[in-house]
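1. okay, predicted coordinates and the sequence, questions at the end:
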2 protein chains.
Amino acid sequence: MSYFENFMKANQAYVELHGTLNLPIRPKTKVAIVTCMDSRLHVAHALGLALGDAHILRNAGGRVTEDMIRSLVISQQQMGTREIVVLHHTDCGAQTFKNEEFQAHLERTFGLDVSDQDFLPFTDVEESVREDMELLRQSPLIPADVVISGAVYDVDTGRMTEVQ
Amino acid sequence: MSYFENFMKANQAYVELHGTLNLPIRPKTKVAIVTCMDSRLHVAHALGLALGDAHILRNAGGRVTEDMIRSLVISQQQMGTREIVVLHHTDCGAQTFKNEEFQAHLERTFGLDVSDQDFLPFTDVEESVREDMELLRQSPLIPADVVISGAVYDVDTGRMTEVQ
C-alpha cells in the first residue's frame, strides 16, 4: 500500500480551491526560511505565509549544509531573496541519536562503512540555531548585508521563540 | 527592515489556533516528501497533510543530494518512514540557469572559484523527477522495499501530475 494515491486525491480537491494563479517566481517577502523536515511543523501556517511569499528549505534538523548553501545561493542570486530565518524546533529527531551509534546502526543494517559521515545531530536546540546562523554569516557565498534571524518552534504549542 | 518580526506576530495568532498538541515524533503516514523550496508550493495544503502526517524535505529544485540522503536516512531509520514522494514543479528556478553561467556570475560577484560545484539545474521537469527517483532507488542507504513515487506540481493551477 502507498499513500501517494491519497495525496493525489487530496490534491484534486485542492486544485478546485487553488484556481489559476500567475504568481511571480521571485518570493514576495525576499525571505528564505531554513528549517527541519519535522511533520509537526507546517511552515506556511505557523509563520502566516501566503502562496508566493517565501522560499522554504527543509532538511533533517534544519541544518546549514553544503546543499543548504547551494539552495540559498540560488534563492538569493537567481530569485532575489535578502533575508534568512533559521528555525529549529523542540523534540527534534536530530536530538534522538549520536553520530557514532547511528553510524554503527547503518553499518549493521546496510553493511556499509559510513564512519566518515556526519549526520548532524545536536543536543541543545538554541545552540544549534546559533551555530547555523554563524555558518551562514561566515559563508563566503552569502552577502554580509543579508539579514539573518533565528528562532525555536515548539511542536506542542506552535509557538516560535527568537534566538539571539 | 526585516520580515522576521512580521512572522513572529503572525505566529502569535497561530498559537491561539494551534492549542496544545502532543503528536508523536514519527510521521503518521510514514512518508517523506522530497520537493523544492519554491514559494508558490505549500506542501501541506497541496497534498492534504495534517500536522504530524509526513516529513517534508525541500531544497533548490527538490533534488536528491547527499544532504537529502542524510535526511532521508534519519527519516527512515530513526523515525520509521517507508515511502518517498519526489515532487518537482513547473516554472522552477532550477530551470533559469546553466551551471557554467551561474558559476561565472558567482566568481564575478564573490571573487570565488566555484567551477567544481554543481548547482543542479535542469531543463525537463519530468526527466528531473525520474533522475531523482532513480538516485533514490540506487542509493545503498535506502532499502529496496521503500515505495518511491514521483509527480510534477503546476504552480499556476496547484495540480499534481504523476511521473512514472
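-> Received it, and whenever you're ready, just let me know what you need. Numbers count the residues shown, from 1 in each chain, chains lettered A, B, ... in the order given.
2. pLDDT score for the residue of chain A positioned farthest from its centre?
-> In chain A, counting by CA atoms, centre = their mean, residue A:111 sits farthest out from the average C-alpha position, at 29.8 Å. The per-residue pLDDT reported for residue A:111 equals 97.
3. could you do residue A:1 as well?
-> Here, the pLDDT recorded for residue A:1 equals 73.
4. what sits against it?
-> By CB atoms under 8 Å, 6 or more residues apart in numbering or on different chains, no residues touch residue A:1. All C-beta atoms are positioned from the backbone trio N, CA, C, and that covers glycine.
5. what distance do you get for it to residue B:144?
-> 17 Å (CB to CB, to the nearest Å).
6. swap in residue A:115?
-> 23 Å.
7. higher neighbour count, these two?
-> residue A:115 (11 against 5; other CB atoms under 10 Å in any protein chain shown).
8. check what pLDDT the more buried one gets.
-> Model confidence at residue A:115, expressed as pLDDT, equals 97.
9. secondary structure element for residue A:144, which one?
-> Here residue A:144, judged by DSSP states H and E, is contained in no helix and no strand.
10. give me the spatial nearest neighbour of it, chain neighbours excluded.
-> residue A:137 (8.0 Å; CB to CB, 6 or more residues apart in numbering or on different chains).
11. for residue A:13, which non-adjacent residue is closest in space?
-> residue B:48 (7.1 Å).
12. that older thread, wait, the residue nearest to residue A:144 touches residue A:150, no?
-> No. Using CB atoms under 8 Å, residue A:137 makes no contact with residue A:150, being 11.0 Å away.
13. out of the two, which sits in the busier spot?
-> residue A:150 (25 against 12).
14. confidence score at that one?
-> 98.
15. looking at this, it is in a helix?
-> No. Counting by DSSP: H, G, I helix; E, B strand; the rest coil, residue A:150 is located in no helix; its state is strand.
16. mind listing what it touches?
-> Counting by CB under 8 Å, 6+ apart, residue A:150 has contacts A:85-88, A:129-130, A:132-133, A:162-164.
17. among these, which ones lie close to chain B?
-> Subset of those in contact with chain B: A:85, A:162, counting by CB under 8 Å from any CB of the partner chain.
18. tell me, how many neighbours does residue A:64 end up with?
-> As a burial measure, residue A:64 scores 25 neighbours (other CB under 10 Å).
19. hmm, it is touching residue A:128, no?
-> No. Applying CB under 8 Å as the test, residue A:64 and residue A:128 come out as separate, 9.8 Å apart.
20. the one helix or strand residue A:127 maps to - contacts with which helices or strands?
-> If you go by DSSP H and E, residue A:127 is part of helix A:125-138. Helix A:125-138 sits against strand A:83-89, strand A:147-153, strand A:160-163, with contacts defined as 3 or more CB pairs under 8 Å, 6 or more residues apart in numbering or on different chains; DSSP states H and E.
21. wait, which of these is closest to residue B:76?
-> Closest to residue B:76 of those is strand A:83-89 (CB to CB; 19.7 Å).
22. closest one to residue B:18 out of the contacts of residue A:150, please.
-> The closest of those, once distances to residue B:18 are taken by CB to CB, is residue A:87, at 15.2 Å.
23. list the contacts for the closest one?
-> Counting by CB under 8 Å, 6+ apart, the residues that residue A:87 touches are A:33-36, A:41, A:43, A:62, A:129, A:150-153, A:160.
24. and the closest residue in space to residue A:49 that isn't next to it in sequence, how many neighbours?
-> Nearest residue to residue A:49 in three dimensions, chain neighbours excluded: residue A:43, at 6.8 Å (CB to CB, 6+ apart). Neighbour count for residue A:43, taken as other CB under 10 Å: 23.
25. pretty sure residue A:57 is one of the things residue A:43 touches, is it not?
-> No. With contact defined as CB under 8 Å, residue A:43 does not reach residue A:57; the gap is 9.7 Å.
26. give me the low-pLDDT residue ranges for chain A?
-> Counting by pLDDT under 70, chain A shows no low-confidence range.
27. beta-bridge partners for the closest residue in space to residue A:164 that isn't next to it in sequence, please?
-> In this structure, residue A:164 finds its nearest non-sequential neighbour in residue A:150, 7.4 Å apart by CB to CB, 6+ apart. Counting by DSSP bridges, residue A:150 forms beta bridges with residue A:86, residue A:163.
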